[in-house]
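Undergrad: Okay, predicted coordinates and the sequence, questions at the end:
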Amino acid sequence: MRRTRSRPQAYVAPVISSSDATSALPPRAARLIGLGSWLPPRQVDNADLAERLDTSDEWIRTRIGIASRHIADPGMATSDMAVEAGLRAMKAAGVEHVDAVVLATATPDHHVPGTAPLVAHRLGLSHVPAFDVGAGCSGFVYATTVAAGLIHAGTAGTVLVIGAEKMSAIIDPADRSTAPIFADGAGAVVLASGRAGEPGALGPVAWGSDGEHADAVQIPSGGSRNPSASAREERYVYIKGNEVFRHAVRRMDQVAREAATAAQWSIQDIDRLIVHQANARINAAVANALGVPPQHVPSNIAHVGNTSAASIPLLLSHAAVKGQLAAGHRVLVASFGAGFTWAATTLLWPSGLQAIT
Ligand code: UT7
């Protein structure tokens, strides 16, 4: 039994009838029905960074693949960007109401409360369940997996999933190993109830984590382990770049294969590989390990940078607008991030899907 609602009411889980349970229909699945994204207008290029850091345009382009990135003004918070992306995704989906909001972020407006309820409120979705998911750069795929579970169980009919980050708030402007990489922005999708295997339906997820590497991407202070920073740098993200690089390539190769196998696809079937935009060399290495040709791997890192949990929905919407994702494409999405966490899933790109950037 499925319900669609246009009025802002609390969603009530439907009773699953015995005929639904025994029907020959494929299982219920989350179906992508709209995409939106937003980038802050201010662009910072490599020459701007080289004015204050011991780095160069050439080093950043060749070692990371970034030429410029978008940085939010100081007065802007993650929720502001999330609202912009959420509005666009809902407009693209043609819906004015959703049953839940899930926000993936590593840069919430505050430690307490979560940022999603405020975002829901500002989207006119007051009273719907809204919560944050924190899984680093894998956060968006984790959040869509949680949302898909809500839909699969019949707990929600439509879910707005947003990935939004103000990475500039947690990056040391004086650290040349992070300042060139990370950037700000937001992307969002609306998921609705559909059937497994139909165009737009998210396939099975493959995901995992390894907390042994918890210190490879970390803000040393500000949490319960070490509430107050004794040194200035402890308030900012610190990365063990080489370690992250090696694990990112290995894990994304592995998890992408697992997701493809779970969807009963071979790697040769993949028309488009959407990889978390951490470093162009990481993405090239993952594509190479999988044997996916570079022209099948859309990328926006050159002018968007690494936006952590916003990276995947930003790339999906940019690639859709550019026509790089087209109806019938078999799309494999893979992500990796702090934790370590990793996640991958598949979908057959549907026709008529709107993306608003
Ligand atoms: O999204 C998940 C989180 N993402 C990440 O954590 C990023 C993953 N890692 C990476 O993208 C890469 O490891 C980095 C971009 C961070 C570093 O690239 P790398 O090729 O692994 O460089 P490296 O750390 O091995 O450093 C090579 C050299 C070093 O100099 P020496 O020791 O060879 O003299 C660094 O000091 O490059 C130097 N270096 C720089 N030089 C100019 C490091 N950062 C910079 C810089 N500009 N910004």
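TA: Sure, I can see it.

Undergrad: pLDDT (mean, whole number) over stretch 103-118?
TA: For stretch 103-118, the mean per-residue pLDDT is 98.

Undergrad: With only the CA atoms kept, save that stretch in PDB.
TA: The C-alpha trace of stretch 103-118 is given here as PDB (Å, rounded to 0.1, in the frame of the first residue of the first chain):
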ATOM      1  CA  LEU A 103      20.900  15.600   6.500                       C
ATOM      2  CA  ALA A 104      24.400  14.200   6.000                       C
ATOM      3  CA  THR A 105      27.000  16.500   7.400                       C
ATOM      4  CA  ALA A 106      30.300  16.700   9.300                       C
ATOM      5  CA  THR A 107      29.800  20.400   9.800                       C
ATOM      6  CA  PRO A 108      26.500  20.900  11.700                       C
ATOM      7  CA  ASP A 109      25.500  24.400  12.600                       C
ATOM      8  CA  HIS A 110      26.000  23.400  16.300                       C
ATOM      9  CA  HIS A 111      26.900  20.300  18.200                       C
ATOM     10  CA  VAL A 112      23.500  20.600  19.800                       C
ATOM     11  CA  PRO A 113      20.900  20.500  18.400                       C
ATOM     12  CA  GLY A 114      21.100  18.600  15.100                       C
ATOM     13  CA  THR A 115      20.900  20.700  12.000                       C
ATOM     14  CA  ALA A 116      18.200  18.800  10.100                       C
ATOM     15  CA  PRO A 117      15.200  20.000  12.200                       C
ATOM     16  CA  LEU A 118      16.100  23.600  11.500                       C
END
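
Undergrad: What about the closest residue to residue 180 other than its chain neighbours, how many residues nearby?
TA: Using Cβ to Cβ, 6 or more residues apart in numbering and skipping residues adjacent in sequence, the residue nearest residue 180 is residue 60, 4.6 Å away. To be clear about C-beta, it is placed using only N, CA and C from the backbone, and glycine gets the same treatment. Residues near residue 60, counting by other Cβ atoms under 10 Å, number 25.

Undergrad: give me phi/psi at residue 60?
TA: Main-chain dihedrals, residue 60, degrees, to the nearest 10: phi -70, psi -40.

Undergrad: what sits against it?
TA: Counting by Cβ atoms under 8 Å, 6 or more residues apart in numbering, residue 60 makes contact with 46, 49, 66, 67, 180.

Undergrad: Adding neighbour count, write the residues you listed out as TSV.
TA: Formatted as TSV, the contacts of residue 60 follow (neighbours: other Cβ atoms under 10 Å):
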residue	neighbour count
46	21
49	20
66	25
67	16
180	26
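
Undergrad: Beyond the helix or strand where residue 336 lies, next helix or strand please.
TA: Assigned by DSSP states H and E, residue 336 belongs to strand 330-337. Using DSSP H and E, the next helix or strand after strand 330-337 towards the C-terminus is strand 341-348.

Undergrad: My reading is that residue 193 lies in a strand. Confirm?
TA: Yes: checked against DSSP: H, G, I helix; E, B strand; the rest coil, residue 193 lies within a strand.

Undergrad: burial count for it?
TA: 24.

Undergrad: check contacts around it.
TA: By Cβ under 8 Å, 6+ apart, the contact list for residue 193 reads 2, 28, 29, 30, 31, 151, 157, 158.

Undergrad: One more: residue 133?
TA: So residue 133 contacts 102, 103, 104, 105, 139, 142, 143, 146 (Cβ under 8 Å, 6+ apart).

Undergrad: Run through the chain and note the low-pLDDT ranges.
TA: For the chain, the stretches flagged by pLDDT under 70 are 1-22.

Undergrad: just the residues of it that are near the ligand, which are they?
TA: 55, 59, 63-64, 137, 176-177, 180-181, 217, 239, 241-242, 244-245, 278-279, 306, 337 (Cβ under 6 Å from any ligand atom).
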